[in-house]
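Enquirer: Everything below, folded, please.
(one chain, ligands or ions: 2)
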Amino acid sequence: MAAPLRHMLRDDDVSHDEQLQILRLGMKFRENRFHARPFEGPQAVAVLFDKPSTRTRSSFSVGVAELGGYPLVIDKGGSQLGRGEPVADTARVLTRMTSTIVWRTFGQDRVEEMARYATVPVINALTDEFHPCQVLADFLTIAQHRGGVDSLAGKRIAYLGDAGNNMANSYLLAGATAGMHVAVAGPYGYLPDPAIVDDAKTIAKHNNGSVLVTTDPFEAAKDADCIFTDTWVSMGEESEYATRSKPFWDYQVNDELMSHAAPNALFQHCLPAYRGKEVTGSVIDGPQSVVWDEAENRLHAQKALMTWLIGKQREDDDLLA
Ligand code: CP
Ligand code: NVA
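Expert: Ligands and ions are numbered 1, 2, ... in the order given. From the prediction side, this is the model:
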């Protein structure tokens, strides 16, 4: 019987131990870019974009090539998906030609539908709801700077700003999975979906972590080992630009806010960043910022994730170690 197919559609698609396994693999890829080459052949990996990207596009393209594979990068305007071909039919076609499907799109329902019809792993490269690849890289960055993968459990992380967006949701679920103490702060009207908060609380309890959702930025930042923020205007929300600045000013990550975190707390931002809005230049370009390591870690974390998913599918323990 074939191994059950695994996907990464949201951060809690992996257990605590599985997340650790992926992050340990990520560390191995950090040390040796050619640690494993599961796509040697080369096999193709479809990398689809319905939204713009710099980091995700470059890290998946380079990452697939370094895994011995061929990245088949397709933009919305360049595929029939953009003209309304059903997701299910796209999945049926791509699954015959590729080893993995990576997709950045709008609704989470779209990646779920892709996964329902694909017979290869599907990876969410950002939806309106989640950005799990980013958070794997972010946790790898904490591990890199603060004592390795095995010291992630128990760390305090805080996310400030648009707490109703994909990054906030992913920190909640991934942080809970890691057994961290996760705090998320934003203004009323921009807080996470209660269903996701409930899921995160259940997972956190199981892993000895905790979840705090608050409108008080200083309560969230208190004693945090790492502070995160993100743009106040996510992709697809450009028409709300004028209304989306005002509510967030109290959540700007500046020197005063950082002084409430633990001494020498790290600062991370998934990027692209808007200096003078969600973060000041003094913080993102300052000594506590690790945003360039974070961006590089997209490459290592995603290579680890692709290798792990393929290892599971092939039941190849060598690929998982
Ligand atoms: N952080 C991130 O996903 O960046 P891109 O939008 O450039 O891919
Ligand atoms: N929340 C942002 C993340 C960008 C990587 C967006 O969805 O645009």
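Enquirer: Give me every residue in the chain lying close to ligand 2.
Expert: Neighbours of ligand 2 within the chain, by Cβ under 6 Å from any ligand atom: Leu126, Asn165, Asn166, Met167, Asp230, Thr231, Ser234, Met235, Cys270. The way it works is simple: take the backbone N, C-alpha and C, and place the C-beta from them, glycine included.
Enquirer: Can you tell me which of these are buried?
Expert: Buried by 16 or more other Cβ atoms under 10 Å: Leu126, Asn165, Asn166, Met167, Asp230, Thr231, Ser234, Cys270, out of the residues of the chain next to ligand 2.
Enquirer: What about the last one? Give its phi and psi, please.
Expert: Dihedral angles phi and psi of Cys270 (degrees, to the nearest 10) take the values phi -60, psi -30.
Enquirer: Next, the contact list for it, please.
Expert: Applying Cβ atoms under 8 Å, 6 or more residues apart in numbering to Cys270 gives the contacts Arg55, His131, Gln134, Asp138, Met167, Phe228, Asp230, Glu294.
Enquirer: Could you rerun that using 7 Å?
Expert: Neighbouring residues of Cys270 by Cβ atoms under 7 Å, 6 or more residues apart in numbering: His131, Gln134, Met167, Asp230.
Enquirer: among those, which are within reach of ligand 1?
Expert: Gln134.
Enquirer: Adding pLDDT, write the contacts of Cys270 out as CSV.
Expert: Output for the contacts of Cys270, formatted as CSV (pLDDT from 0 to 100):
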residue, pLDDT
His131, 98
Gln134, 99
Met167, 98
Asp230, 98
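Enquirer: with the contacts of Cys270 in mind, which one is nearest to Ala301?
Expert: Gln134 (8.6 Å; Cβ to Cβ).
Enquirer: separation between the closest one and Cys270?
Expert: 5 Å (Cβ to Cβ, to the nearest Å).
Enquirer: Overlap in contacts, the two.
Expert: Shared contacts of Gln134 and Cys270, defined by Cβ under 7 Å, 6+ apart, comprise Met167.
Enquirer: tell me the pLDDT at the closest residue to ligand 1 within the stretch 201-321 of the chain?
Expert: Here the residue of the stretch 201-321 of the chain nearest ligand 1 is Cys270; by Cβ to the nearest ligand atom that distance is 3.9 Å. pLDDT recorded at Cys270 is 98.
Enquirer: which residues sit against stretch 285-293?
Expert: 141, 144-145, 258, 264-269, 271, 283-284.
Enquirer: quick one: it near ligand 1?
Expert: No. Stretch 285-293 does not reach ligand 1 (Cβ under 6 Å from any ligand atom); its nearest approach is 10.0 Å.
Enquirer: Quick check: end-to-end length of that stretch?
Expert: Start and end residues of stretch 285-293 are separated by 13 Å (Cα to Cα, to the nearest Å).
Enquirer: Next: stretch 228-235.
Expert: Chord length of stretch 228-235, first to last residue, is 18 Å (Cα to Cα).
Enquirer: What lies in contact with that stretch?
Expert: Contacts for stretch 228-235 (Cβ under 7 Å, 6+ apart): 51-52, 157-162, 165-167, 171, 240-241, 244-245, 248, 253, 268-270, 272, 274, 277-279.
Enquirer: Quick one: mean pLDDT over the longest helix along the chain.
Expert: In the chain, taking DSSP state H as the definition, the longest helix is helix 291-314. For helix 291-314, mean pLDDT is 98.
Enquirer: ok, back up a step: for the contacts of stretch 285-293, work out which two are farthest apart.
Expert: Checking the contacts of stretch 285-293 with Cβ to Cβ, the most distant pair is Asn264 and Leu271, at 21.7 Å.
Enquirer: Tell me, how many residues neighbour Val197?
Expert: 21 (other Cβ atoms under 10 Å).
Enquirer: My read is that it contacts Ser210, right?
Expert: No. The pair Val197 / Ser210 is not scored as a contact, 11.9 Å apart, by Cβ atoms under 7 Å.
Enquirer: Residues contacting the host helix or strand of Ala168, please?
Expert: In the assignment (DSSP states H and E), Ala168 maps to helix 166-178. Outside helix 166-178, the residues within contact range by Cβ under 7 Å, 6+ apart are 10-12, 14, 16, 19, 126-132, 134-135, 139, 152-153, 157, 159, 162, 182, 184, 192, 196-197, 199-200, 203-204, 207, 209, 211, 228, 230, 234, 270.
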